[in-house]
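**Q** Following is a predicted model, sequence given first.
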Protein chains: 2
Amino acid sequence: MPAIGDDAAILDTPNPGSSLLASVDALVSGIDWRDDWSTPADVGWKAIMVNASDIAAMGGQPTAFLVAMVVADGFDVDGFYDGALEACAAIGEATVVGGDLSSGPTTVVSVTALGHADRPVTRNGARVGDGVWVSGPLGAASRDLRAGGGAAHRRPTAYLGQLPASATAMIDVSDGLVADCAHIASASGVGLALDEVPVAEGATLDDALHGGDDYVLVACSPVPIDTWTQIGTCVVGAGVTLNGDHVEPRGWEHAL
Amino acid sequence: MPAIGDDAAILDTPNPGSSLLASVDALVSGIDWRDDWSTPADVGWKAIMVNASDIAAMGGQPTAFLVAMVVADGFDVDGFYDGALEACAAIGEATVVGGDLSSGPTTVVSVTALGHADRPVTRNGARVGDGVWVSGPLGAASRDLRAGGGAAHRRPTAYLGQLPASATAMIDVSDGLVADCAHIASASGVGLALDEVPVAEGATLDDALHGGDDYVLVACSPVPIDTWTQIGTCVVGAGVTLNGDHVEPRGWEHAL
């Protein structure tokens, strides 16, 4: 594992005028992954990617990760770091700059992501008339979880493409499309009227609407977003509708 | 608990010419604290302070904390945050800017501290002839742990005084004085010859030399440090001596 070698890491500061972003997420053995489905390298990959996705959802580039691991007997820390560094390489500039390792009865991995954004995008800027766009099809993680821990569950990938310069509000689908659209609706004071939701191959509409952990980005934008798919429009109102019917967010419960 | 309200927090960037610092530490129920000794507020206080100490040990001021909590049934999250925010208030400008909350079989709290330093101080700059100085007496946490969870164990305080501008190397005593002096010796390529170690009231010399979790700062400096106590000198050689005898670092094992 990379050694921090000091009490704290010294990091690159953002360019003047750019903003510093930080997010944190913890993954727990038996809740966020199953040790018989996911290798330690899979867990390392996922821990980095879910945090990279949070930075992307703010319109930022991840630059550095800090990892705090509490490991149960037998958990392969080196394997974890292999996967984490593989994910960093896929992301680009980002790397693991520090960490903390201790032992405990259950393996828990907490990753902090730091990043920079020239123009951070929050959830609260959507305006009536904006289109609602997604970076890709939905439901793959839920489909793979149901099928016994396939790749989209074990190794989700954060959106690594160009971020939309026109986004007025953005979020990543971690709780489920409807739940995350409801977060934008509530923060922005608009309704999100969805009509056409792209469903991942082999997934159901229910997977696409309510499955979490997809890490697809949802953005509201007054102009089309290249290569993304429009799924609806921001309207006067509140909450989320699909083809005119109100859809209640469903708590995304892992069912490992 | 403070809500982050977005995928990532947007943070103040350091002044130009200043460095960004980041550190992370995880505390585990039953290993780093006992639920019958420490209230959730004590745990919140300690989780913030141990990370603030890491930033101080680099010559920096903590500015923001991110908290990832995995909580077992019945753990009082609001109580935890009361203690965490009390610690932030004691520190000054710093505050909790984001977090993640999930449930698990054992409570694990991971805190990331971010800070700024005009001149970061690492472990590797000590020079032969520098004095070795400490910010206060040692062994209090070990004494209080042995006595059944007294205040210095439950509510350690990071050094919050003025940081020495003349420090060539610095570290906080988390593993034990000898172990942490050995880290400086090894990183700087010098020996640390100690003679006079200030022992906290009621603690033993062994507590002071090998007890961890004191969060006293150790600095090497070519000139005296106001209000601090000199405990030795940097010499040609390696490792740590006390009155001429080599002292082996002892692994700091919690004995809850």
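**A** Sure thing, it's come through.
**Q** In contact with A:V240, which residues?
**A** The contact partners of A:V240, taken as CB atoms under 8 Å, 6 or more residues apart in numbering or on different chains, are A:V178, A:C181, A:A182, A:A185, A:G191, A:L192, A:A193, A:L194, A:H246, A:V247, A:P249. For every residue, glycine as well, the C-beta is placed using N, CA and C.
**Q** Check A:M69 too.
**A** The neighbourhood of A:M69, defined by CB under 8 Å, 6+ apart, consists of A:V77, A:F80, A:G99, A:D100, A:L101, A:S102, A:T107, A:V108, A:V109, A:S110, B:A26.
**Q** Tell me how many other residues crowd the last one.
**A** Looking back up the chat, that one is B:A26. 27 (other CB atoms under 10 Å in any protein chain shown).
**Q** Now do the SS call for it.
**A** strand (DSSP: H, G, I helix; E, B strand; the rest coil).
**Q** could you measure it against A:G148, distance?
**A** 31 Å (CB to CB, to the nearest Å).
**Q** Equivalent analysis for the fourth one, please.
**A** Taking CB to CB as the measure, A:D100 falls 33 Å from A:G148.
**Q** same question, the fifth one
**A** As judged by CB to CB, A:L101 and A:G148 stand 30 Å apart.
**Q** One more: the first one?
**A** For A:V77, the distance to A:G148 (CB to CB) stands at 26 Å.
**Q** on that earlier part again, looking at pLDDT only, which of the contacts of A:V240 scores worst?
**A** Minimum pLDDT across the contacts of A:V240 is recorded for A:P249, with 93.
**Q** right, and it touches A:L177 too?
**A** No: counting by CB atoms under 8 Å, A:P249 sits too far from A:L177 to count as a contact (9.3 Å).
**Q** Grab the nearest non-local neighbour of A:L145.
**A** A:H153 (4.5 Å; CB to CB, 6 or more residues apart in numbering or on different chains).
**Q** Using the three-state scheme, assign that neighbour.
**A** Once three-state DSSP is applied, A:H153 turns out helix.
**Q** show me the contacts for it.
**A** Neighbours of A:H153 in contact, by CB under 8 Å, 6+ apart: A:W37, A:A141, A:D144, A:L145, A:D213.
**Q** and which of those is nearest to chain B?
**A** Nearest to chain B, judged by CB to the nearest CB, of these is A:D213 at 13.1 Å.
**Q** In contact with the closest one: list those residues for me.
**A** Applying CB under 8 Å, 6+ apart, the residues near A:D213 are A:V50, A:A141, A:S142, A:L145, A:H153, A:P156, A:V173, A:S174, A:W252.
**Q** Show the buried residues in the contacts of A:H153.
**A** Burial by neighbour count, 16 or more other CB atoms under 10 Å in any protein chain shown: within the contacts of A:H153 this picks out A:A141, A:D144, A:L145, A:D213.
**Q** From the recorded domain assignment, give the ranges for chain A.
**A** As given by automatic domain parsing, the domain ranges for chain A are A:19-117, A:131-247.
**Q** among those domains, which is the most enclosed?
**A** Highest mean neighbour count of those: domain A:19-117, a mean of 22 (counted as mean count of other CB atoms under 10 Å in any protein chain shown).
**Q** End to end on it, go ahead and measure it.
**A** End-to-end distance of domain A:19-117 (CA to CA, to the nearest Å): 5 Å.
**Q** again, but for stretch A:101-110
**A** 11 Å.
**Q** Show me how far that stretch is from its chain's centre.
**A** Distance, stretch centre to chain centre, for stretch A:101-110: 22 Å (CA atoms, centre = their mean, to the nearest Å).
**Q** residues near the nearest residue to A:P16 once chain neighbours are set aside, how many?
**A** Spatially, and ignoring its direct neighbours in sequence, A:P16 is nearest to B:P16 (6.5 Å; CB to CB, 6+ apart). By other CB under 10 Å, the residues close to B:P16 number 7.
**Q** my guess is A:D12 meets B:A22, correct?
**A** No: using CB under 8 Å, A:D12 is not in contact with B:A22; the gap is 11.0 Å.
**Q** Spit out the residues that contact the two alike.
**A** By CB under 8 Å, 6+ apart, the residues touching both A:D12 and B:A22 are A:A64.
**Q** Going along the chain, name the helices of the stretch 151-256 of chain A.
**A** A:151-154, A:177-188, A:205-210 (DSSP state H, counting those that start in this stretch).
**Q** Check those for me: which has the lowest mean pLDDT.
**A** Minimum mean pLDDT among these: helix A:151-154, a mean of 88.
**Q** Can you give the distance from it to the centre of its chain?
**A** Between the centre of helix A:151-154 and the centre of its host chain there is 13 Å, according to CA atoms, centre = their mean.
**Q** The buried ones among the contacts of A:H153: which two are farthest apart?
**A** Spatial extent of the buried ones among the contacts of A:H153 (CB to CB) is set by the pair A:D144 and A:D213 at 9.4 Å.
**Q** Please identify which residue in the stretch 51-200 of chain A comes closest to chain B.
**A** Counting by CB to the nearest CB, the stretch 51-200 of chain A gets nearest chain B through A:S110, at 3.5 Å.
**Q** my read is that residue is in a helix, agree?
**A** No: assignment of A:S110 by three-state DSSP gives strand, placing it outside any helix.
**Q** Contact partners for A:D195?
**A** A:I231, A:G232, A:L242, A:N243.
**Q** For A:V240, see how far away it is.
**A** 12 Å.
**Q** next one: A:D130
**A** When A:D130 is compared with A:V240 (using CB to CB), they lie 14 Å apart.
**Q** Determine which of the helices of the stretch 151-256 of chain A approaches B:L209 most closely.
**A** Set against B:L209 and scored by CB to CB, the helices of the stretch 151-256 of chain A come closest in helix A:151-154, at 47.1 Å.
**Q** The longest helix along chain A vs chain B: in contact?
**A** Ranked by number of residues, the top helix in chain A under DSSP state H is helix A:40-56. Yes: Helix A:40-56 comes into contact with chain B (CB under 8 Å from any CB of the partner chain), by way of A:S53, A:D54, A:I55.
**Q** you'd agree the first one is up against A:D172?
**A** Yes: counting by CB under 8 Å, A:D172 is a contact partner of A:S53 at 4.5 Å.
**Q** Could you tell me which residues touch both of those two?
**A** Residues touching both A:S53 and A:D172 by CB under 8 Å, 6+ apart: A:A158, A:Y159, A:Y215, A:L217, B:D7.
**Q** ok now do the second one, which residues does it touch?
**A** Right, A:Y159. A:S53, A:A56, A:S135, A:G136, A:D172, A:Y215, A:V216, A:L217.
**Q** The same query, at a cut-off of 7 Å, please.
**A** If you count contacts by CB atoms under 7 Å, 6 or more residues apart in numbering or on different chains, A:Y159 has them with A:S53, A:A56, A:S135, A:Y215, A:V216, A:L217.
**Q** coming back round to it: just the ones of the contacts of A:D213 in strands?
**A** Assigned to strands by DSSP state E, none of those qualify.
**Q** can those residues go into TSV with extra columns for distance to A:A41?
**A** Formatted as TSV, the contacts of A:D213 follow (distance: CB to CB, whole Å):
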residue	distance to A:A41
A:V50	15
A:A141	18
A:S142	22
A:L145	19
A:H153	14
A:P156	14
A:V173	24
A:S174	21
A:W252	25
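**Q** what's the closest of the residues you listed to B:V236?
**A** A:V50 (49.5 Å).
**Q** just checking, that closest one touches A:V24?
**A** No: A:V50 lies out of contact with A:V24 (CB atoms under 7 Å); the separation is 10.4 Å.
**Q** Those residues of the stretch 151-256 of chain A touching chain B, which are they?
**A** A:I171, A:D172 (CB under 7 Å from any CB of the partner chain).
**Q** Distance check, the closest residue to A:E196 other than its chain neighbours against chain B.
**A** With sequence-adjacent residues excluded and distances taken as CB to CB, 6+ apart, A:E196 is closest to A:I231, at 5.8 Å. Separation of A:I231 from chain B (CB to the nearest CB, to the nearest Å): 19 Å.
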